[in-house]
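Novice: Sequence isn't available, so here's the structure alone:
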């Protein structure tokens, strides 16, 4: 997994609007890049809605929120519309971004091993440097903790 102080790897990927976005296009802004396992599941919905509810505060602090999961553009569109999400969801269907950031990992549930996204958030400063890493995120109060980190930059 990437660490604080490292340069954030650039990528270009489709958003829920089916438009391409490059991380480098956001140079000069703080970026909250949060990885989550799957659209419209309980934990992922709670996390997304938490970021949605604080999005105006993030914007006031100069930060852009980007959610990333392996789901498709169509899945992201449904998730966005169902919960009125007001920030881009990135469709990492090939898991390239998750692998670049080191969050595509072997997981274990009920004794079954499988590969999946480890819920992780990166705060990237205006120069493209990772300033905070929140690994193995517990959803409760997470958006608030990330907002505090953004405000501290």
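Specialist: Yep, it's here. Bear in mind that the values here come from a model prediction, so they are computed numbers and not experimental data.

Novice: Around the closest residue to residue 69 other than its chain neighbours, how many other residues sit close by?
Specialist: Nearest non-adjacent residue to residue 69, counting by Cβ to Cβ, 6 or more residues apart in numbering: residue 36, 5.1 Å away. For glycine as for every other residue, the C-beta is placed from the backbone atoms N, C-alpha and C. Residue 36 has 26 neighbours, counted by other Cβ atoms under 10 Å.

Novice: Residue 33 too?
Specialist: Neighbour tally, residue 33, other Cβ under 10 Å: 23.

Novice: Contacts only, for it.
Specialist: 8, 23, 66, 68, 101, 121-124 (Cβ atoms under 8 Å, 6 or more residues apart in numbering).

Novice: for it, helix, strand, or coil?
Specialist: Recorded secondary structure, residue 33: strand (DSSP: H, G, I helix; E, B strand; the rest coil).

Novice: Report the separation between it and residue 137.
Specialist: Distance, residue 33 to residue 137, using Cβ to Cβ, to the nearest Å: 12 Å.

Novice: so what sits against both of these two?
Specialist: residue 121.

Novice: Is it correct that the residue nearest to residue 69 is in contact with residue 121?
Specialist: No - taking contacts as Cβ atoms under 8 Å, residue 36 lies outside contact range of residue 121: 9.1 Å.
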